[in-house]
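Participant: attaching a predicted model along with its sequence, questions to come.
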Amino acid sequence: MATLGAVICQAIVHHYGRDEFLRRLSHPFWFQSFGAVMGMDWHSSGITTSVIGALKRGLAPLESELGIHVCGGRGKHSRRTPDELRLLGDRVGVDGAALTRASRLVAKVDSAAVQDGFDLYLHGFIVTDDGCWTVVQQGMNGDQRQARRYHWHSADVADFVDAPHSAIDGPAKGEIINLTDKRAAGSRLAQLDLLADLGPDRVVDHYAALIAQPAAQPLLPHLVMPAHHDVRASDVFVRRLHGTLAAAAERGPVDFPDLLLTPGVGARTVQSLAMVAEVVHGAPYRFQDPARFSLAHGGKDRHPYPVPIKVYDETIRVLKSAVQNARLGREEELGALQRLDHQARDLERTAEGPSLDAFIARERDASPALGGRSVFGWEAEILEPRKAGRE
């Protein structure tokens, strides 16, 4: 995941710049799709930990080249964020003190100003050499075994306590205390007045004015994952899957002739490349069905099928080659991936293909030959005793 995540980041920065990469990380649907295409459970709360951890490992050797730095992480790593930011400021010349203040404010807002029953345990602070940043942090409700993710983007933060979030990802919890809602401005002022000893009667006046205000905070992108772990037809826009398959079949022989000579891997790898290309080039609305991107490389929990290691490695190889050549001014390979994405969008209007269940069944059948692997082990080794038992 660290290798694939890093090379996808390189491709995005090459085409669109590092500020665009930060913006995408702040969008919950893209973030979920990004993790899914890397083989993490498409639906799991662990996707946040895995993506932040993979980016921290994968981008560390590329910090000087890309100017992107991943600080913080889970548990004890989150508590080291201020020290990491201060050292980063000394090293690259950004205002480390301002970044440290931003990190602490973001964490404090989502733990104190937003009281929704989720305790923060992960804080990922991604910052560029010019001081722009995105924060992805996550809280856990242990009693209900649910997680909630909070996205921030410095370009969208005008005030840390007035509608600062880019998005919140998680199940609705009914009424909560949210002092960052625009309607809570009166409450925030009243609390300051109380601290200044102006008396609690002012709270009553502010409350009366508050409940009379019809204006609400604008709705944020809100991703809620289903309870089931398997990938179902209701989780995927199948017409987009058909467009991807059709584009892989049409563009593959033209743009990836050498790849298609690889027995049993080439054509399948082009399908994965088409989904990776969409993660690189797709508009925000394209990621409303993050489960679809788990069809690129499966999932480590065997949903929708085990990760096909041979395809995964081939995807990384092709992407690495494309990025390295693009850095030398040879854009042909990266251009081929972009054409693959464009073709998929054009074809999804008319393309036909297998049902989702049929597609997943085909991938499961091919899994042993493609080096399928999950947390349960290699698929070939798992299936062999079952096959012997039937015989």
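Facilitator: Looks like it came in fine.
Participant: any idea how many residues pack against residue 370?
Facilitator: 24 (other C-beta atoms under 10 Å). Using the backbone N, CA and C atoms, a C-beta is placed for each residue, glycine as well.
Participant: can I see the domain layout of this structure?
Facilitator: Annotated domains of the chain cover 2-168, 233-390 [automatic domain parsing].
Participant: quick one: pLDDT of residue 143?
Facilitator: With respect to pLDDT, residue 143 has a value of 86.
Participant: residue 98 now?
Facilitator: Reading off the model, residue 98 has pLDDT 96.
Participant: excluding chain neighbours, what is closest to it?
Facilitator: Excluding the flanking residues, the one nearest residue 98 by C-beta to C-beta, 6 or more residues apart in numbering is residue 131, at 7.4 Å.
Participant: from residue 61, how far off is the one you found?
Facilitator: Distance from residue 131 to residue 61, counting by C-beta to C-beta, to the nearest Å: 22 Å.
Participant: neighbour count: those two, which is higher?
Facilitator: Between residue 131 and residue 61, counted using other C-beta under 10 Å, the more crowded position is residue 131 (16 against 10).
Participant: OK, contacts around that one?
Facilitator: 94, 95, 98, 99, 154 (C-beta atoms under 8 Å, 6 or more residues apart in numbering).
Participant: helix/strand/coil for it?
Facilitator: Per DSSP: H, G, I helix; E, B strand; the rest coil, the local secondary structure of residue 131 is coil.
Participant: check the one 3 residues further on too.
Facilitator: Three-state secondary structure (criterion: three-state DSSP) places residue 134 in strand.
Participant: go through stretch 103-122 and flag the buried ones.
Facilitator: 103, 105-107, 109-111, 113-114, 116, 118, 120, 122 (16 or more other C-beta atoms under 10 Å).
Participant: burial measure for the closest residue to residue 332 other than its chain neighbours, as a count.
Facilitator: Leaving aside its chain neighbours, residue 332 sits nearest to residue 325 (7.2 Å; criterion: C-beta to C-beta, 6+ apart). By the criterion of other C-beta under 10 Å, residue 325 has 14 neighbours.
Participant: how about residue 86?
Facilitator: Neighbourhood size, residue 86 [other C-beta under 10 Å]: 14.
Participant: could you find the closest non-adjacent residue to it?
Facilitator: residue 96 (4.4 Å).
Participant: if I look at the one you found, how far off is residue 66?
Facilitator: From residue 96 across to residue 66, the span is 19 Å (C-beta to C-beta).
Participant: can you list the weak-confidence ranges in the stretch 251-391 of the chain?
Facilitator: Counting by pLDDT under 70, the stretch 251-391 of the chain has low-confidence residues at 385-391.
Participant: show me where this protein has strands.
Facilitator: 68-74, 114-115, 119-128, 133-141, 146-153, 167-169, 177-178, 307-308, 372-374, 377-378 (DSSP state E).
Participant: hang on, residue 106 packs against residue 152?
Facilitator: Yes: Residue 106 is within contact range of residue 152, at 5.5 Å (criterion: C-beta atoms under 8 Å).
Participant: and residue 20, what's its pLDDT?
Facilitator: 97.
Participant: circling back to that earlier point, residues that sit against both of residue 106 and residue 152, list them.
Facilitator: 135, 137, 164.
Participant: kindly reformat those residues as a markdown table containing distance to residue 280, neighbour count and pLDDT.
Facilitator: Below are the shared contacts of residue 106 and residue 152 laid out as a markdown table (distance: C-beta to C-beta, whole Å; neighbours: other C-beta atoms under 10 Å; pLDDT from 0 to 100):
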| residue | distance to residue 280 | neighbour count | pLDDT |
| --- | --- | --- | --- |
| 135 | 23 | 30 | 98 |
| 137 | 25 | 26 | 96 |
| 164 | 28 | 22 | 91 |
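Participant: using CSV, lay out the residues you listed together with distance to residue 301.
Facilitator: CSV is the format used below for the shared contacts of residue 106 and residue 152 (distance: C-beta to C-beta, whole Å):
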residue, distance to residue 301
135, 27
137, 24
164, 34
